[in-house]
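In: I need the structure of the sequence given here:
(chains A and B)
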Amino acid sequence: MNYIELVNNLLKEQVSKHEQLVIFGQNVSAGSCIGGMTRGLSIPKSGRIINSTNSENSLCGFGFGMMINEVSSIFFMKQLDFLLLGIDHLVNTFNVIRNHENNASFTIFPIVMDNGYQGLQSSSNNFADFCSIARIKGYTITNKIDAEKIISSKLISPGFRIIAISQRMFKDEVIIPDELIYVNDENDVFQYNVGSDVTVVCFNFSFPYGKQIVDSLKENNLKCSFFNVNSTTPTNWTKIVDDVSKTKKIIILDDSKSENLNCYSLLNDISDKVVLDKKIILKRNLDNTNWLDPIDDKMDINLQQIVNDLIE
Amino acid sequence: MAELNSLAKKILQIRLAQMMVNENYKDGQFKVPIHLAFGHETFAVAINEIMDDEDKLILTHRNIAYNLARLEKLRPVMDEYFLKSTGLDSAKSGSMNLINPSRGLIYTSSILGNNFSVAVGIAMSLDIKRKDGITIVLGGDGSLEEGSFHESILMFKSLNLSGLLIIENNEWSMATKISERRIHIDLETFAKSYNVKYVKLSGNNPLDYIQKLKKLKDLSKKSNELICIEVIVNTLGDWIMTNDQNPDGKFINYHAGPAPTVDVKACPALIKENNSDPIFVLIDLLGVDELNKISDKIRNELEEEMK
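Out: Take a look at the predicted model:
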């Protein structure tokens, strides 16, 4: 099963259970159904599925308006970039709502256009920036385990959040981690391996790269602890800090194009408690010559060099 | 006459309550910015009169007249402005975002045009919950310039949602006249292009406002359609600013902050001697003696409440 089929199946399962749910977004029930993401969604008759106008700013306000009057909704969106039009509501309207008691759910579910070659626009993958601006909870979907946990627990639950999926992974076979070692209460820090040689931590949508690195290190007899941080704002990552205090070595991956990376917050917390023997930070190397060009959005990772670095 | 008398009491209560807020404001007692609404009292009372239990009211930062109308008390509003825990919203909202959900006033916004789309969502929630209520959303004439105004009308109409979208037109946006900044927007033509019924109200006659608003509300509910209402208001409290740049004085329309020329001692709380002042219209309808009598009574009640 590929990534988007899994997401679609999980969405279908969740939305079918909830009464008085409103699902909306452009093409949510027509055409490609947003690249297959919302194909075949079916909800109880008490709710509505609305193939909406393109008015992204007002659609954000629409969701918050329903939330104010205790009706839950999900806004599916083709591109994270479009959510830039709704920033006012993400900040100002949400501030009013969260300052008062409210039991409704509102989820914005955008696709992060991280597949490259989109041109000057339509290529923002800075999911954390949207969440950071108003301390919004945001979750990334990167594999089968986190998809199941996050969609079942967060898609329709009291409060507001953004759950983002990766366009780059759409057609890829969904990654199924061997086992889940640990997940925190918020379902935003997941651990998939335990090892004593190095701690590998992934941010944004870098999990597939992290998995490659972990597999490669394993082949070279290096034992890794493997974490994925699915939240885009600082969260309870005590487990990661504790793990690094044992391994003293960390590899951090973050494929966001943002200037302010969430991984720096983790490094800051770690530096307060641990003197590291080795720190490898793998992030986007974007300079002024190419970062606006329509280029491949993939990270260049030299697996052999990482192995050599650690063995040294 | 009895109905008019009762409405006059309510209008005067909002006027005098605002004047008392203004006196504290002139003394520099508030930390939160307040947008007074002298001149908006009659329309606020009219909206209050047509609202039923399940109706929802969505306002702007200039919400004081409506909050006072819905609450019919001053103390909780004043306490909110002083950020006391006894405030209407327990000091959580201050002025520009003050709400009173128990009276249907469920969202106010200080961001121009922000509340229109929230209103569409609230209208949808009433539809989903099969509630009998209607959504009433207000904005100023400046908000016509925001994209969300257009987007929200489009959504109201596309989703067949009932609602009253009311534009309080005072022809000013902060310190400039609308005509100083932009071309005229013909709201009637604009509404027509979306097949939205448009009605213009003016004159500050409470009976006239209530009668027309009731009919429009019923029509909107019955036909599941949005109705656009433009009401002409004059936000009172202007003054003449004199300084080095303006030695002859410059007219300053009231926008926010204390209104320096408005005096709480004025009888019967009159600010302007023309129809733009709801109190002037009441004098015309009831006579100055009757209005002075009501004004004295309300003034005493408010002073008692604030002791």
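
In: how about the helices of the stretch 101-250 of chain B, start to end?
Out: With DSSP state H, counting those that start in this stretch as the criterion, the stretch 101-250 of chain B has helices at B:114-128, B:147-158, B:178-181, B:187-193, B:206-223.

In: now the first one: mean pLDDT?
Out: Per-residue pLDDT values across helix B:114-128 average out to 98.

In: then the second one?
Out: The pLDDT scores in helix B:147-158 average 97.

In: what comes into contact with it?
Out: A:52-53, A:55, A:57-59, A:61-62, B:113-114, B:116-117, B:119-120, B:123, B:139, B:143, B:161, B:163, B:165, B:191, B:194-196, B:225-226, B:228 (CB atoms under 8 Å, 6 or more residues apart in numbering or on different chains). No exception for glycine: its C-beta is placed from N, CA and C like everyone else's.

In: send the alpha carbons of that helix over as CSV?
Out: Extracted in CSV, the C-alpha atoms of helix B:147-158 (Å, rounded to 0.1, in the frame of the first residue of the first chain):
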residue,chain,number,x,y,z
GLY,B,147,-11.3,40.2,0.5
SER,B,148,-13.0,38.3,3.3
PHE,B,149,-16.1,40.5,2.8
HIS,B,150,-16.4,39.2,-0.8
GLU,B,151,-15.4,35.7,0.1
SER,B,152,-17.9,35.4,2.9
ILE,B,153,-20.8,36.6,0.9
LEU,B,154,-19.9,34.1,-1.8
MET,B,155,-19.9,31.4,0.9
PHE,B,156,-23.1,32.4,2.5
LYS,B,157,-24.8,32.3,-0.9
SER,B,158,-23.2,29.1,-2.2
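
In: give me the buried positions along that helix.
Out: B:Ser148, B:Phe149, B:His150, B:Glu151, B:Ser152, B:Ile153, B:Leu154, B:Met155, B:Phe156, B:Lys157 (16 or more other CB atoms under 10 Å in any protein chain shown).

In: okay, stretch B:66-80 in PDB with CA atoms only?
Out: Extracted C-alpha coordinates of stretch B:66-80, given in PDB (Å, rounded to 0.1, in the frame of the first residue of the first chain):
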ATOM      1  CA  TYR B  66     -24.100  45.900  21.600                       C
ATOM      2  CA  ASN B  67     -22.600  44.400  24.700                       C
ATOM      3  CA  LEU B  68     -24.400  46.900  26.900                       C
ATOM      4  CA  ALA B  69     -27.600  46.300  25.000                       C
ATOM      5  CA  ARG B  70     -27.500  42.600  25.400                       C
ATOM      6  CA  LEU B  71     -26.400  42.700  29.100                       C
ATOM      7  CA  GLU B  72     -28.500  45.700  30.200                       C
ATOM      8  CA  LYS B  73     -25.900  46.300  32.900                       C
ATOM      9  CA  LEU B  74     -22.700  48.400  33.100                       C
ATOM     10  CA  ARG B  75     -20.700  47.000  36.000                       C
ATOM     11  CA  PRO B  76     -19.600  43.800  34.300                       C
ATOM     12  CA  VAL B  77     -18.500  45.700  31.200                       C
ATOM     13  CA  MET B  78     -16.700  48.300  33.200                       C
ATOM     14  CA  ASP B  79     -15.000  45.600  35.300                       C
ATOM     15  CA  GLU B  80     -13.900  43.900  32.200                       C
END
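
In: ok, that stretch near chain A or not?
Out: No: using CB under 8 Å from any CB of the partner chain, stretch B:66-80 stays clear of chain A, with a minimum separation of 13.1 Å.

In: return the subset of the contacts of helix B:147-158 lying in strands.
Out: Among the contacts of helix B:147-158, the members falling in strands (DSSP state E) are B:Gly139, B:Gly163, B:Leu165, B:Leu226, B:Cys228.

In: adding distance to A:Phe190, write the residues you listed out as CSV.
Out: Output for the ones in strands among the contacts of helix B:147-158, formatted as CSV (distance: CB to CB, whole Å):
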residue, distance to A:Phe190
B:Gly139, 45
B:Gly163, 44
B:Leu165, 47
B:Leu226, 46
B:Cys228, 51
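
In: contacts with chain A among these, please.
Out: Okay, of the ones in strands among the contacts of helix B:147-158, nothing touches chain A (CB under 8 Å from any CB).

In: run a quick neighbour tally on residue 295.
Out: Using chain A. For A:Ile295, the count of nearby residues is 13 (other CB atoms under 10 Å in any protein chain shown).

In: wrong one, chain B
Out: By other CB under 10 Å, neighbour count at B:Ser295 equals 24.

In: okay, and it sits in which element?
Out: helix B:288-306 (DSSP states H and E).

In: the buried residues of helix B:147-158: which two are farthest apart?
Out: B:Ser148 and B:Lys157 (14.6 Å; CB to CB).

In: got a list of what the residue of the stretch 101-250 of chain A at minimum distance from chain B touches?
Out: Here the stretch 101-250 of chain A gets closest to chain B at one residue, A:Ala104, 8.5 Å apart by CB to the nearest CB. Shown in contact with A:Ala104 (CB under 8 Å, 6+ apart): A:Met66, A:Met67, A:Ile68, A:Asn69, A:Glu70, A:Val71, A:Ser72, A:Pro158.

In: and if we set it to 10 Å?
Out: By CB atoms under 10 Å, 6 or more residues apart in numbering or on different chains, the contact set of A:Ala104 is A:20, A:63-64, A:66-73, A:97, A:156-160, B:125.

In: in helices, which of those residues fall?
Out: A:Gly63, A:Phe64, A:Met66, A:Met67, A:Ile68, A:Ile97, B:Ser125 (DSSP state H).

In: just flag the most distant two among these.
Out: A:Ile97 and B:Ser125 (12.9 Å).

In: what's the overlap in contacts for the two?
Out: By CB under 10 Å, 6+ apart, the residues touching both A:Ile97 and B:Ser125 are A:Gly65, A:Met67, A:Ile68, A:Ala104.

In: pick the one among those residues closest to B:Glu303.
Out: A:Ile68 (35.9 Å).

In: please tell me how far the closest one sits from chain B.
Out: Distance, A:Ile68 to chain B, using CB to the nearest CB, to the nearest Å: 6 Å.

In: surely that residue touches B:Ile58?
Out: Yes: with contact defined as CB atoms under 10 Å, A:Ile68 reaches B:Ile58; the gap is 8.9 Å.

In: OK, contacts around residue 60?
Out: The chain I'm using is chain A. A:75, A:77, A:83, A:85-90, A:93-94, A:106, A:108, B:114, B:117-118, B:121, B:148.

In: that's the wrong chain, I wanted chain B
Out: B:Thr60 neighbours (CB under 10 Å, 6+ apart): B:35, B:37, B:66, B:96, B:108-115, B:137-140, B:142-143, B:168.

In: what bridges to it?
Out: Beta-bridge pairing for B:Thr60 (DSSP bridges): B:Ser109.

In: find me the pLDDT at it, would you?
Out: On the pLDDT scale, B:Thr60 gets 97.

In: in the stretch 1-150 of chain B, which residue sits nearest chain A?
Out: B:Gly121 (2.1 Å).

In: what sits against that residue?
Out: A:22, A:24, A:58-69, A:71, A:73, A:89, A:93, A:106, B:58, B:107, B:135, B:152, B:155, B:161.

In: in stretch B:237-252, which residues are buried?
Out: So, applying 16+ other CB under 10 Å, buried residues of stretch B:237-252: B:Gly237, B:Asp238.

In: distance between it and the chain's centre?
Out: Chain-centre distance of stretch B:237-252: 27 Å, with CA atoms, centre = their mean, to the nearest Å.

In: what does stretch A:237-253 give?
Out: Worked out by CA atoms, centre = their mean, stretch A:237-253 lies 20 Å from the chain centre.

In: would you agree B:Ile185 is in contact with B:Asp141?
Out: Yes: applying CB under 10 Å as the test, B:Ile185 and B:Asp141 come out as touching, 8.0 Å apart.

In: which one's more surrounded, those two?
Out: Using other CB under 10 Å, the more surrounded residue of B:Ile185 and B:Asp141 is B:Asp141, with 19 against 15.
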